[in-house]
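> Need the 3D shape of this:
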Amino acid sequence: MTDFKTSIKRIYTRFIVLTTVVVFGAIAIAQAKKEPEPDAIDQAAVQNANALDTYVHTPIPATASSSESAEVEQSLIRQVSVEMPVSEAAEEDAYPVHENDRFSVDDEPIDDILDDAPAGFPEEIEKSSVQAYQTNDGWSDTNVEVIEDTKATALPDISGQDSEPGYGLDDLPPIEKSSAEETDLPVVESVGYDDLPNVETSELQAAAAYESAALTTNVQEPYELESGLEDTLAQEPLPQTDPPTQDSPTPPRVESELDPAVTVAPVAPAAAAVYDPQTQANHFEPNSVAPRSAADFQNDPATTAGEYEPQPNGEQAVTNPEPVNVATRGRIIGTAKPGPQSLEGPQTPTLTLQKTAPAEVQVGQPARFEIRVRNVGRVSADHVVIRDPIPAGTKVLESNPPAEHTDDGSLYWETGSLPPGQEVIVSVDLMPLTEGLVGSVATVGFQASASARTRSTKPDLRLEHSGPLKVLEGEPVKFSIELSNPGSGAATHVVLEEVIPTGLSHSSGGKLEYEVGMIEPGQTRHLELTLKAAQAGHVVNTLVARADGNLLVEDVVEMDVVAPKLQVAVQGPKTRYLERQAEFTVSVANPGTASAKNVELVANLPRGLKFVSTNNSGYFDQTRNAVIWSLEQLPAGEMGRAQFTAMPVEMGSFQVRAEGKADRDLTARQEHTIAVEGIAALFFGLADKTDPIEAGAQTSYEINVVNQGSKAATNVKFIATLPEGMQLVNVQGPTGESVQGHQVHFDPIDNLPPKGTATYQIIVKGTTAGDHRFRVEMISDETQTPVLKEESTRVYTD
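Presented below is the predicted three-dimensional model:
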């Protein structure tokens, strides 16, 4: 019985190991067939990865040979999650599994399976195992009874190798026995989404999808290059392209903690079918971002679940711009032009996003995470931006190409435009600081370009109107109007507007409006407008045409409304004395803009003036007491003058009135005032009776005054001054006197009529010998300045 149980254990152990090898080999074959091009992306692996619920603790699976049977290839799925169950005898060495992680075993004979076991298969099996298969139809569970414990086994480490012809299960190296304590990989318990605190399921599912997708690709443990492999990335640098111009500052570089000699991404063997970075992807110069300590990840906002969600086809939602404020309408002027015809119609740039990571990383060891974005659409994707939050519990060592570091703990790359069929590869070197699930959700955003065109027509208006340059006041004014549309579209609801300027008039009022209607492109309308010249002067006539679409055009015509005008003037003395002739000048002018016809100039004389003579064919009309001149025409801007002479015959104030008349009821007049006065012309004489005289003798001085003018003199007063050496004896005259020292003041003569006279006599005695001068002053209302006269008298002694 013991031998039978031992045989059964060996059979099951061999079956489990053989099945595992065959499954992973079939996966590699399926990938090779579904990825004929080196840059193809395993989309199915990414889609099915969301269903995985466990960690894979086995090494990277080997790729199967193409010579494997089609039956095995079709019966196996592409992704396998393997857990070693816990037995009662070796509970401390087992890996925990979910209770539903079971598999079903076909009814294939065990002997046939054992016959296909590879060389080096262990004969002694002390521990049973359970495999969990994910089939295309879902999960199928079958419990397998475990009889005795087995020792832990490990699959050969052939990560990063692709299948080649002739490479089959028989070529695998012998399986070495090892236990969980002997392996270098940490033992990680299976963790469900509900076991992680403060993390949303959507983010963990997305992270699991990307990590599971990495299991189906050829991945080599980071920075552990197998001997004999060629470092193609180090020898052939990636092509460089100019990074997009940005105003943002250059992110700081990281002082890398890695050995400079091994700061390249892991590569597969030369024969592996991988992406060709030299021809398939756009790369930039490598750069680093600032390192972060473990404390920086404790509250890292970049690791908050649900902050970034992946978009379909790798697209990131585009935030709509702010709506245009109504107040700014009409202020935004476009400058764009239609694009090429290839951008017309539906534009479907489609981006695929794949993020790969090592299957397992160790704390303190660098690991490379790679993001590939490929445009599988038909048009270019513009402004491509890749964003990847920094995983919690890690620090950034280096990024390639250089990444921008945001305040929320994310890295992003602006890669510009991505043509159809091209891809962009970015990578980040991280160092785990703590144990646990490491990952983040990368997103990609882009813009699509589409173009449309239409024909834009623009109606236009052209307005011209003309009229006479000069028109006589009161005459009609005719304007000829041409209104045309030189544009490419019809001008609708065309209206002519005329605001009548000063100088013109119309019987309908001061504003005219005429509905023209529609004017087709190239059409011209001829119109006529008649106004009346109402007032002389310079006229600026503005005609306005309006149409739909804010079309506005105006035309200006300047003209002169002309009219004759008359101005008359009379010039002469303002004051004249009686019987003193006065000469007057009369003139007539035409300051208007047209000639004055049949002009008559008349100078009307008052009664105080008597006509004497005239010139320029003028004549005196006694019945009208006026001097008259006639002109047949007085051109605009011209002036005519004439003179006449008159004698004042009566004292008083008189007006000489000049009048002008012409056709079109033109009249003008002006008056000139003249004052006719008389003059008080006083004259007085002074003489001594005896000269010389002996001292002590007497002599007399006689003052005779006469008004020689035509006007009475008023307040005529005399003052006589006696010199030293003479003594006053007696005074005689028409008015009283008063003596004040050597002066004799005579009372004034109130009124001295024209031709009137007065005589004063002053008798004096000579007291001192010598030549003595007697002085007399005369003042009156008519003579404000005193009139002085002196008389010399000699006094002598024996």
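> make it CA atoms for all contacts and neighbour counts henceforth
Will do.
> Flag the shaky bits of the stretch 351-500 of the chain, pLDDT-wise.
Counting by pLDDT under 70, the stretch 351-500 of the chain contains no low-confidence range.
> What segments of it are strands?
351-356, 367-375, 381-389, 394-400, 404-405, 410-418, 423-432, 443-448, 462-466, 470-472, 476-484, 491-499 (DSSP state E, counting those that start in this stretch).
> would you list those in TSV and tack on distance to residue 7 and mean neighbour count?
Supplementary listing: the strands of the stretch 351-500 of the chain in TSV, determined by distance: least, C-alpha to C-alpha, whole Å; neighbours: other C-alpha atoms under 10 Å:
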stretch	distance to residue 7	mean neighbour count
strand 351-356	43	24
strand 367-375	44	22
strand 381-389	53	21
strand 394-400	48	25
strand 404-405	61	20
strand 410-418	57	20
strand 423-432	45	23
strand 443-448	53	22
strand 462-466	108	18
strand 470-472	132	18
strand 476-484	109	17
strand 491-499	101	18
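> Minimum distance to residue 739: which of these has it?
Of all the strands of the stretch 351-500 of the chain, strand 470-472 sits nearest to residue 739, with 83.6 Å by C-alpha to C-alpha.
> packing partners for that closest one?
Helices and strands touching strand 470-472, as assessed by 3 or more C-alpha pairs under 8 Å, 6 or more residues apart in numbering; DSSP states H and E, comprise strand 551-562.
> one step back: quick check: which of the strands of the stretch 351-500 of the chain is nearest to residue 790?
By C-alpha to C-alpha (comparing all of the strands of the stretch 351-500 of the chain), the closest turns out to be strand 470-472, at 76.5 Å.
> Outline the domain layout of this structure.
Structural domains assigned to the chain are 2-190, 236-319+347-448, 462-548, 567-677, 682-796, following automatic domain parsing.
> Between the two ends of the shortest one, how far is it?
Chord length of domain 462-548, first to last residue, is 14 Å (C-alpha to C-alpha, to the nearest Å).
> same thing with stretch 492-509?
With C-alpha to C-alpha as the measure, what separates the two termini of stretch 492-509 is 26 Å.
> Then stretch 488-508?
36 Å.
> ok, residues contacting it?
Residues outside stretch 488-508 that contact it (C-alpha atoms under 8 Å, 6 or more residues apart in numbering) are 457-461, 485, 510-521, 531-548, 561.
> For PyMOL, write the selection for the buried entries among these.
Taking 16 or more other C-alpha atoms under 10 Å as the burial criterion, the selection of buried members of the contacts of stretch 488-508 in PyMOL is written as:
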select buried, resi 459+460+461+485+516+518+519+520+521+532+533+534+535+536+537+539+540+541+542+543+544+545+546+547+561
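> coming back round to it: want to try JSON lines for the strands of the stretch 351-500 of the chain, with distance to residue 637 as columns?
Shown next, in JSON lines, are the strands of the stretch 351-500 of the chain (distance: least, C-alpha to C-alpha, whole Å):
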{"stretch": "strand 351-356", "distance to residue 637": "89"}
{"stretch": "strand 367-375", "distance to residue 637": "89"}
{"stretch": "strand 381-389", "distance to residue 637": "79"}
{"stretch": "strand 394-400", "distance to residue 637": "94"}
{"stretch": "strand 404-405", "distance to residue 637": "86"}
{"stretch": "strand 410-418", "distance to residue 637": "81"}
{"stretch": "strand 423-432", "distance to residue 637": "91"}
{"stretch": "strand 443-448", "distance to residue 637": "79"}
{"stretch": "strand 462-466", "distance to residue 637": "28"}
{"stretch": "strand 470-472", "distance to residue 637": "16"}
{"stretch": "strand 476-484", "distance to residue 637": "24"}
{"stretch": "strand 491-499", "distance to residue 637": "32"}
